[in-house]
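>>> generate coordinates for the sequence data below:
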Amino acid sequence: MLETKTRGAHLRLLGLDYGEKRIGVAICDELGLTAQGLPTIIRKTKKHDLEILKNLINDYNVEKIVIGYPVKIDGSEGIQCDKVNRFAALLDTTFSLPVLKWPEALSTKEAEEILINSGIHWKKRKDKVDKLAACLILQGYLDSATK
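Residues are numbered from 1 along each chain as shown. Below you'll find the model as predicted:
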């Protein structure tokens, strides 16, 4: 009997911070307790972006995608929510995986504050902020799932 790639492997969740120019990416550990950042995707074309995500999904045996949903502080949806909804629908039809929208009010701002407080130079913060925002989104989801 042939062993499949996922046999005995733990399935994971992929966290995304979707933006116009970049997509921050995070993955949870095999126990589903902590989020770790992966390299940020510099957006080029839908085909390019989806190919990178497909490789990550396969490499990490992803079972669900958690995407940041940028609701306003008052809970209402803005223009960015429409863009995330379209991208989430594309992910759903492309990969046939559950795509969960997780409220992410100010995750990028929080990520920037963390990086500033860590003393990271502004030129280097730009490269790290999306990855950290994706970690915050995914960690928020993981923390709520364990309560």
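>>> who does the residue nearest the centre of the chain bridge with?
For the chain, Leu16 is the residue whose C-alpha lies nearest the centre (CA atoms, centre = their mean; 1.5 Å). Beta bridges link Leu16 to Val25, Ile67, judged by DSSP bridges.
>>> ok, now which ones touch it?
Ile23, Gly24, Val25, Ala26, Ile65, Val66, Ile67, Gly68, Ala134, Ile137 (CB atoms under 8 Å, 6 or more residues apart in numbering). Any C-beta I mention is one placed from the backbone N, CA and C, and that applies to glycine too.
>>> at 10 Å instead, please
Remark: with contacts taken as CB atoms under 10 Å, 6 or more residues apart in numbering, Leu16 is in contact with 23-26, 41, 53, 56, 65-68, 84, 87-88, 91, 99, 102, 104, 130, 133-134, 137-138.
>>> which parts of this protein are strands?
In the chain, strands defined by DSSP state E lie at 12-18, 22-28, 35-42, 62-69, 99-103, listed in chain order.
>>> then the fourth one to PDB, C-alphas only?
Output for strand 62-69, consisting of C-alpha atoms alone and laid out as PDB, is shown next (Å, rounded to 0.1, in the frame of the first residue of the first chain):
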ATOM      1  CA  VAL A  62      -3.400  23.200   5.100                       C
ATOM      2  CA  GLU A  63      -7.000  22.400   6.000                       C
ATOM      3  CA  LYS A  64      -8.400  25.900   6.500                       C
ATOM      4  CA  ILE A  65      -7.600  29.400   5.600                       C
ATOM      5  CA  VAL A  66      -8.200  32.300   8.000                       C
ATOM      6  CA  ILE A  67      -8.200  35.700   6.300                       C
ATOM      7  CA  GLY A  68      -8.300  39.000   8.100                       C
ATOM      8  CA  TYR A  69     -11.600  40.700   7.700                       C
END
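>>> other SSEs contacting it?
Packing partners of strand 62-69 (3 or more CB pairs under 10 Å, 6 or more residues apart in numbering; DSSP states H and E): strand 12-18, strand 22-28, helix 46-59, helix 79-95, strand 99-103, helix 122-145.
>>> which strands or helices does the second one pack on?
Using 3+ CB pairs under 10 Å, 6+ apart as the contact test, the elements touching strand 22-28 are strand 12-18, strand 35-42, helix 46-59, strand 62-69, helix 107-117, helix 122-145.
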